[in-house]
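Colleague: Generate coordinates for the sequence data below:
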Amino acid sequence: MKYFKKKSLKWRINLSKIILLVLICCFYLLPLPGAAQEQFQPLFQSNIAAVTLDGRAIFKVAGAENLTAQERAEMISTKLQEAATSTQPVEVKVKPINQQPTLWLNNSYLLTVTEGDTQSQNIPEDHAQILRSNIQVSIDQARKERSGNFIKKAVVNSFLVLCLGVLLHWGLGKFLHPYLRRLFGFLADHSPGFNPINNQQNYLELFLTITLKSIKLGLWIGIIIYITNQFPFTRILSYQLTNTLISTLTSKLITINKSSYSIPDLLILILLVWGLIVSAKVITDILQSRVLNATRISRGSQEVVSVIFRYGFISLGTLVLLQVWGLDLSSLTILASALSVGIGFGFQDIAKNFGSGLVLLFEQPIQIGDFIQVGDYMGTVERVGARSTVIKTLDQVSIIVPNSRFLESELTNWHHDDPVSGVRLAIGVAYSSSVEIVKDLLLIAAEENSEVLSIPNPQVLFKGFGDNSLNFELRVWTSKPCRQFLIKSDLYFKIEALFRQYKIEIPFPQRDVNFRGTLPLELSADLQNIIKKIAQNNDQSPQNLENSGEEDSNA
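Modeller: Residues are numbered from 1 along each chain as shown. Sure thing, here's the model as predicted:
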């Protein structure tokens with residue numbers, strides 16, 4: 001049953017990846033700016049404008065005569081605002097003038113209803129009656145919201161909503177956060193590719209934090225919007241702020257090849273590029289896990305194919321995306337020239353590392369799983385990227401090394417061509433030891449180690465006569481160069497035990513001191529006098545101490 005559960009869960013994860021890929025592809029097929037740029041530009045702009053009262057949109061008007069829609073809407077909104085704040089009764093009337101319906105506030109002219117105001121939905125006369133009713137209701141509502149009873153009720157409601165928001169904020173941190181942690185932890189534990197030792201655990205914690213903070217932020221934004229809508233003056237400020245923000249976002253920011261682009265246009269482009277990168281990663285993972293693994297090629301070759309396919313897919317997709325977006329690729333020559341200058345000055349290291357990464361991928365002096373040493377770093381290659389290579393040291397520390405380091409300095413690769421590598425141990429024994437016994441003991445220690453290869457055979461070399469010892473060297477070979485230090489340690493432990501068992505001495509450093517002249521030594525007269533004085537002082541010092549002790553006792 002566990003097997004089928006794992007297979008089912010793995011199938012669901014792969015299915016979710018495929019669905020994500022299909023959604024991204026469908027998103028690409030939507031009409032894009034450039035080919036359909038006019039479809040996006042009027043996203044927040046139009047030839048009509050909203051007439052507002054206390055921050056509420058009542059109806060919309062079009063431009064008329066020498067006034068734009070926005071100017072006409074502002075004039076009507078100002079008159080309505082004055083009528084709402086006045087203490088006189090207001091009656092909205094419809095009067096036909098020059099065969100056109102007009103709206104009046106008491107005896108003050110408000111507007112003339114035109115064909116553009118109806119938006120081809122009603123005839124002007126019927127639309128004027130609808131506007132009269134809406135304006136009358138809006139003015140009565142505005143005056144009601146300025147009464148003392150309504151303001152007191154709004155203050156109480158706002159306070160209750162604020163307290164409820166504080167309670168929900170506390171509850172989200174108290175209950176929702178542990179629930180999300182358990183939920184994501186369960187999904188991570190049942191994910192076949194999840195490794196808590198790597199940075200995936202940190203990414204999971206980051207995603208959990210962002211999700212919780214986003215929910216809290218949405219909660220407080222909703223509370224602020226609710227409270228500001230309770231009072232007319234705050235609603236007006238909120239409406240003005242929203243209009244200013246929308247006009248800022250929809251204004252043209254940059255112009256490329258006679259085409260202007262706003263902030264939403266750039267955000268859509270960034271979103272599409274991000275979708276392209278995500279889809280490239282999903283397709284590459286599927287290619288590596290489903291196709292390349294089935295071919296049984298080496299991990300290094302799989303990495304080469306995956307990297308080339310991924311960056312090629314991103315590059316080609318970006319060019320197609322920019323062209324569909326409406327950018328003339330010929331106009332990008334200036335950008336390419338500027339980029340080349342930037343590479344020549346500020347990005348030359350990045351370009352150098354990227355070029356070195358391509359050389360490493362094609363030439364393959366190192367592959368994933370190789371045990372290497374470059375400079376002061378020694379470890380196993382975990383990943384060969386386009387810009388850098390990750391090496392995991394013997395202390396399980398990941399070192400990120402720029403790819404140019406592998407081509408500029410000497411590189412030691414114990415796995416290159418043949419993973420079999422030699423291990424050398426230097427041993428010194430006393431001169432009284434039998435060299436034949438020492439040789440046999442060293443070979444016994446090598447043969448009893450399971451990680452030492454029998455072919456090539458272990459060798460013992462007599463290196464020479466040292467100052468204090470007979471020097472030997474034990475040479476063994478292993479197919480696990482990453483464990484060479486542990487193999488050395490095990491061999492030294494075994495050699496020490498065998499030497500102790502067979503009474504083989506490991507000598508200490510010795511030095512012979514030679515004196516010139518005859519014995520006894522002849523000293524000069526001055527040196528003899530100095531020695532006598534020192535001896536006399538040493539003889540007198542105990543007496544002085546005894547005398548001082550007697551004086552202290554008498555006292």
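
Colleague: contacts, neighbours, all on C-alpha from now
Modeller: OK.

Colleague: Quick one: the strands in the stretch 151-300 of the chain, in order.
Modeller: 252-256, 259-262 (DSSP state E, counting those that start in this stretch).

Colleague: Starting from the shortest one, tell me which strands it pairs with and how they run.
Modeller: Right, strand 259-262. strand 252-256 (antiparallel) (DSSP bridges).

Colleague: which residues sit against the strand it pairs with?
Modeller: 260, 261, 262, 263, 327 (Cα atoms under 8 Å, 6 or more residues apart in numbering).

Colleague: how far does stretch 391-411 stretch from start to finish?
Modeller: 13 Å (Cα to Cα, to the nearest Å).

Colleague: remind me which residues of the stretch 451-555 of the chain are low pLDDT?
Modeller: 510-523, 538-555 (pLDDT under 70).

Colleague: switch to 50 and redo it
Modeller: For the stretch 451-555 of the chain, the stretches with pLDDT under 50 are 545, 548-549, 551-555.

Colleague: Check the chain too.
Modeller: In the chain (pLDDT under 50), the answer is 1-12, 15, 26-45, 192-198, 545, 548-549, 551-555.

Colleague: hmm, back to that, turn the strands of the stretch 151-300 of the chain into TSV, columns for mean neighbour count.
Modeller: Converted to TSV, the strands of the stretch 151-300 of the chain look like this (neighbours: other Cα atoms under 10 Å):
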stretch	mean neighbour count
strand 252-256	13
strand 259-262	16
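
Colleague: could I get those as CSV with distance to residue 537?
Modeller: Formatted as CSV, those follow (distance: least, Cα to Cα, whole Å):
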stretch, distance to residue 537
strand 252-256, 98
strand 259-262, 100
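
Colleague: what's the closest of the ones you listed to residue 92?
Modeller: Set against residue 92 and scored by Cα to Cα, the strands of the stretch 151-300 of the chain come closest in strand 252-256, at 40.2 Å.

Colleague: Export the closest one to CSV, keeping only CA atoms.
Modeller: Written as CSV, here are the backbone C-alpha positions of strand 252-256 (Å, rounded to 0.1, in the frame of the first residue of the first chain):
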residue,chain,number,x,y,z
LYS,A,252,3.5,56.3,-20.4
LEU,A,253,6.8,55.5,-18.7
ILE,A,254,9.1,54.7,-21.6
THR,A,255,9.0,54.9,-25.4
ILE,A,256,10.7,52.4,-27.6
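
Colleague: can you give me the helices for the stretch 401-550 of the chain?
Modeller: In the stretch 401-550 of the chain, the helices defined using DSSP state H, counting those that start in this stretch lie at 404-408, 435-447, 484-501, 525-554.

Colleague: give the contact list for residue 429.
Modeller: Contacts of residue 429 (Cα under 8 Å, 6+ apart): 469, 470, 471, 504, 505, 506, 507.

Colleague: How far off centre is stretch 266-273?
Modeller: Relative to the centre of its chain, stretch 266-273 is centred 19 Å away, using Cα atoms, centre = their mean, to the nearest Å.

Colleague: buried set for stretch 136-155?
Modeller: 136, 138, 139, 142, 145, 151, 154 (16 or more other Cα atoms under 10 Å).

Colleague: rewinding a little: can you tell me which of the contacts of strand 252-256 is nearest residue 107?
Modeller: Nearest to residue 107 among these, with distances taken as Cα to Cα, is residue 262, at 44.5 Å.

Colleague: give me the number of residues near residue 453?
Modeller: Residue crowding around residue 453 was assessed by other Cα atoms under 10 Å; the count is 19.

Colleague: Appreciated, that's everything.
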